[in-house]
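*Asks:* Next one to model:
(2 chains, ligands or ions: 1)
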Amino acid sequence: MNKFTVLNGLVVPLDRANVDTDAIIPKQFLKSIKRAGFGPNLFDEWRYLDHGEPGKPNQGRPLNPDFVLNQPRYQNASVLLARENFGCGSSREHAPWALEDYGFRAIIAPSFADIFYNNCFKNGILPIVLDAVVVDRLFKACETIEGYVLTVDLDKQTVTTPSGEAIRFEVDGGRKHRLLNGLDDIGLTLLQGDKINAYEARRRQEAPWLFGGPRQ
Amino acid sequence: MSGLTLFQKLWDAHVVHVEDDGTTLLYIDRHLVHEVTSPQAFEGLKLANRTPRRADAAVAVPDHNVPTTDRSQGITDPVSRLQVETLDANCAEYGITEFKMGDIRQGIVHVIGPEAGLTLPGMTVVCGDSHTSTHGAFGALAFGIGTSEVEHVLATQCLWQKPSKTMLVKVEGELGRGITAKDIALAIIGKIGTAGGTGYALEFGGSAIRALTMEGRMTLCNMAIEAGARAGMVATDATTIEYVKGRPYAPKGAAWEQAVAWWGTLHSDADAVFDRVVELDAATIEPQVTWGTSPEMVTTINGRVPNPADAPSDIKKQDWTRALEYMGLQGNTPIAEISVDKVFIGSCTNSRIEDIREAAIVAKGRKVASSVKLAMVVPGSGLVKQQAEAEGLDKIFIEAGFEWREPGCSMCLAMNADRLEPGERCASTSNRNFEGRQGQGGRTHLVSPAMAAAAACAGHFVDVRKL
Ligand code: SF4
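*Replies:* As a prediction, the model looks like this:
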């Protein structure tokens, strides 16, 4: 997993509440057995005027000029500014894969759906919850000021505006540590192998029906 | 000290290790696997030279991509076929039990788990699918996970979690005639909103919930995620134990006695304290119909599409306007005047035998309206299909003009050939009415199975109680 330390990123505002994972990456792309390459199909139904399919080349597809990601001023943005309940819907990790592949490393919103929030951390994306009033202010600022860049510092837990205002955000200590260092979750868990063994041994006594599992 | 909630009891029984900050390594008893969210997890495992810690705790089934029409030729879409073949290969390689496409037990992952007795009270159940909340109906802690976590569970049989806050959704009283668990679910979401349950584990309680069958409880817990909660649950009681008894993978003999003794404790203590309590009066719940592009955009069959001018905030006004534009609806339109092009009865929310029976009662002796292009019934599993056919329900549907299909997710998310065309309007028993969910440009209205069947026959939404 990619580390996340400090990001200086151009901000793109996506002014919709309840953006669901199907809008982030439509279901037809879930047929892929790969993890990479979803970026060109991020927000496919909003971004293009025609219907996207896996395997179909995206170059030359008609772009929806009204969609914010297509506006020249927001090209190469790496911070996504969103409204409440971002990432609701399915558990598909294809959503953070697509956001990451496109180039987003941080998402700022007043709230996120739980599973999506969790999935972001597994893929080197930092989801940041800020107060709705603050988010609203950031929306106005980045729509008014062209080339609006925010500095996200995970270690300090701050988002700093171009005028130097540092806004603090909260993040769980364990997640922060893993993201800062790009650590592999599974590797860390396996260090607890003795405890897992002990738990299993105890459970086998208490609840033997939970072991042995389905027989064909 | 106050008593424990069901959530706390389930949590405590699965703690392997706790970090200083409260992050907990939680043991997972059952891992359900399907073709869409697992290939990258198996690939990750392979790349790291790891193997599943407990293949016996996992069970796999293909459901999202499978065709619901004739399967004798296999899957024609090469991309879908590769995904299902990849699942087959991974299960074969690691010795994971799989209910394959030709198996009578194949079906939607959240239908087959309970049906086979793979989902049991007191378990932690996970699956790379958000509707895993369904399994909480048994008094289990069940929640959806992403693909990284699928890999994590395969490798370690554990997950890192922080305890959720708890919310009790209490539904007291008696449901009116024709009102189902689906209507309760939509009414709750209408009340607390699609983010109302974010960060919470929901427990459904109260006399109306106790009176529900297991299938009704599954429908309700299935929709917990639509209220923003990863997990929904109902306490284990006699109804639960009766349902589980004799299922193929349920414990037998002495193990059964031992299990039942524990299961009897799986309820919130009378003096348990919840972080939030929401109450609903069952008697006031009417048949629900969604009008927008989020499950919280819901009203009753006797209601009207709201007018964005009446929205409580600017953001909501913008949301409603966009939703109505997408749905091709005008504010103030009576719900009963909205006509439908297609009808879908199926999905992990409403494809069990009781759902099919409820729809069949309405379809019996009626005909699908000539204005309806397609009305389809997709059973949740091969066994549900078999049971329905044994009861002659397939004939009722076919005679009425419905299509009777093979089991799978089908038009719930339109990953296979079953989908809406742009602009088509559908009465659907599924769980999500998001933009494009049932096909690009498709317009979904969520309803109960009986309401869907009624809409199919009337050609528009109609109060099933008045038929
Ligand atoms: S039926 Fe629909 S909601 Fe349920 S698992 Fe399948 S796609 Fe997901």
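
*Asks:* so B:Gln157 makes contact with B:Asp56?
*Replies:* No: judged on CB atoms under 8 Å, B:Gln157 makes no contact with B:Asp56 at a distance of 10.2 Å. (C-beta placed from N, C-alpha, C; glycine too.)

*Asks:* Of those two, which one has the most company?
*Replies:* Neighbour tally, B:Gln157 and B:Asp56, criterion other CB atoms under 10 Å in any protein chain shown: the higher count belongs to B:Gln157, 22 against 16.

*Asks:* Can you name the residue of chain A nearest the ligand?
*Replies:* Proximity of chain A to the ligand (CB to the nearest ligand atom) peaks at A:Ser90, 6.9 Å away.

*Asks:* What's the separation between that residue and chain B?
*Replies:* For A:Ser90, the distance to chain B equals 5 Å [CB to the nearest CB, to the nearest Å].

*Asks:* Report the contact partners of that residue.
*Replies:* Remark: with contacts taken as CB atoms under 8 Å, 6 or more residues apart in numbering or on different chains, A:Ser90 is in contact with A:20-22, B:129-130, B:144.

*Asks:* separation between it and A:Arg35?
*Replies:* 17 Å (CB to CB, to the nearest Å).

*Asks:* tell me the pLDDT at the residue of chain A closest to the ligand?
*Replies:* Looking at A:Ser90, its pLDDT reads 88.

*Asks:* does it belong to a helix or a strand, and which?
*Replies:* Under DSSP states H and E, no helix or strand contains A:Ser90.

*Asks:* which residues touch the residue of the stretch 251-400 of chain B found nearest the ligand?
*Replies:* Nearest to the ligand in the stretch 251-400 of chain B, going by CB to the nearest ligand atom, is B:Cys348, at a distance of 3.2 Å. If a contact means CB under 8 Å, 6+ apart, then B:Cys348 has B:108-111, B:131, B:134, B:222, B:380, B:409, B:412, B:431 as its contacts.

*Asks:* do the same with B:Gly146
*Replies:* Neighbours of B:Gly146 in contact, by CB under 8 Å, 6+ apart: A:91-93, A:96, A:115, A:118-119, A:122, B:37, B:128.

*Asks:* Would you quantify the distance from B:Leu420 to the ligand?
*Replies:* 14 Å (CB to the nearest ligand atom, to the nearest Å).

*Asks:* For the stretch 51-200 of chain B, what lies in contact range of the ligand?
*Replies:* Contact residues (CB under 6 Å from any ligand atom) of the stretch 51-200 of chain B with the ligand: B:63-64, B:108-110, B:129, B:131.

*Asks:* Please tell me which one of the residues you listed counts the most neighbours.
*Replies:* Neighbour-wise, these (other CB under 10 Å) top out at B:His110, 34 neighbours.

*Asks:* Contacts only, for the closest residue to A:Ile25 other than its chain neighbours.
*Replies:* Leaving aside its chain neighbours, A:Ile25 sits nearest to A:Ala98 (4.3 Å; criterion: CB to CB, 6 or more residues apart in numbering or on different chains). Counting by CB under 8 Å, 6+ apart, A:Ala98 makes contact with A:24-25, A:29, A:38-39, A:41-42.

*Asks:* quick one: strands adjacent to the longest strand along chain B?
*Replies:* In terms of residue count, the longest strand belonging to chain B (DSSP state E) is strand B:165-172. Paired strands of strand B:165-172, with direction, are strand B:200-205 (parallel), strand B:276-281 (parallel) (DSSP bridges).

*Asks:* Touching the helix or strand just after the first one from outside, list them.
*Replies:* Of the helices and strands lying after strand B:200-205 in sequence (DSSP H and E), the nearest is helix B:207-210. Contact partners of helix B:207-210, identified using CB under 8 Å, 6+ apart, comprise B:171-175, B:184, B:217, B:220, B:234, B:237, B:239, B:282.

*Asks:* Repeat the analysis, applying 7 Å as the threshold.
*Replies:* B:171-175, B:234, B:237, B:282 (CB atoms under 7 Å, 6 or more residues apart in numbering or on different chains).

*Asks:* so B:Val171 touches B:Leu202, yeah?
*Replies:* No: between B:Val171 and B:Leu202 there is no contact under CB atoms under 7 Å: 11.7 Å.

*Asks:* tell me, what's touching those two both at once?
*Replies:* With CB under 7 Å, 6+ apart, B:Val171 and B:Leu202 have no common neighbours.

*Asks:* Of the two, which one has the most company?
*Replies:* Counted by other CB under 10 Å, B:Val171 and B:Leu202 do not tie: B:Leu202 has more neighbours, with 33 against 25.

*Asks:* Could I get the contacting residues of the more buried one?
*Replies:* Counted by CB under 7 Å, 6+ apart, B:Leu202 has contacts B:167, B:169, B:224, B:227, B:229, B:231-232.

*Asks:* rewinding a little: the residue of the stretch 251-400 of chain B closest to the ligand and B:Gly380, how far apart?
*Replies:* Applying CB to CB to B:Cys348 and B:Gly380 gives a distance of 7 Å.

*Asks:* so what sits against both of those two?
*Replies:* B:108, B:111.

*Asks:* all strands of the stretch 251-400 of chain B, in order?
*Replies:* Ranges of strands in the stretch 251-400 of chain B, per DSSP state E, counting those that start in this stretch, are B:276-281, B:288-290, B:298-300, B:342-345, B:374-377.

*Asks:* Give me the contact list for the longest strand belonging to chain A.
*Replies:* Taking DSSP E as the criterion, chain A has its longest strand at strand A:6-14. Residues outside strand A:6-14 that contact it (CB under 7 Å, 6+ apart) are A:68-69, A:74, A:76-82, A:105-106, A:139, A:142-143, A:147-153.

*Asks:* and chain B, which of these reach it?
*Replies:* Applying CB under 7 Å from any CB of the partner chain, the subset of those adjacent to chain B is empty.

*Asks:* Phi, psi for the residue of chain A closest to the ligand please.
*Replies:* When read as degrees, to the nearest 10, the backbone of A:Ser90 gives phi -80, psi 170.

*Asks:* List the buried residues of stretch A:186-204.
*Replies:* A:186, A:189, A:192, A:195-196, A:199-200, A:203 (16 or more other CB atoms under 10 Å in any protein chain shown).

*Asks:* Then stretch A:35-42?
*Replies:* Under 16+ other CB under 10 Å, the buried positions of stretch A:35-42 are A:35, A:38-42.

*Asks:* Adding distance to B:Val305 and pLDDT, write those out as CSV.
*Replies:* Converted to CSV, the buried residues of stretch A:35-42 look like this (distance: CB to CB, whole Å; pLDDT from 0 to 100):
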residue, distance to B:Val305, pLDDT
A:Arg35, 41, 90
A:Phe38, 35, 96
A:Gly39, 37, 97
A:Pro40, 36, 97
A:Asn41, 32, 97
A:Leu42, 31, 98
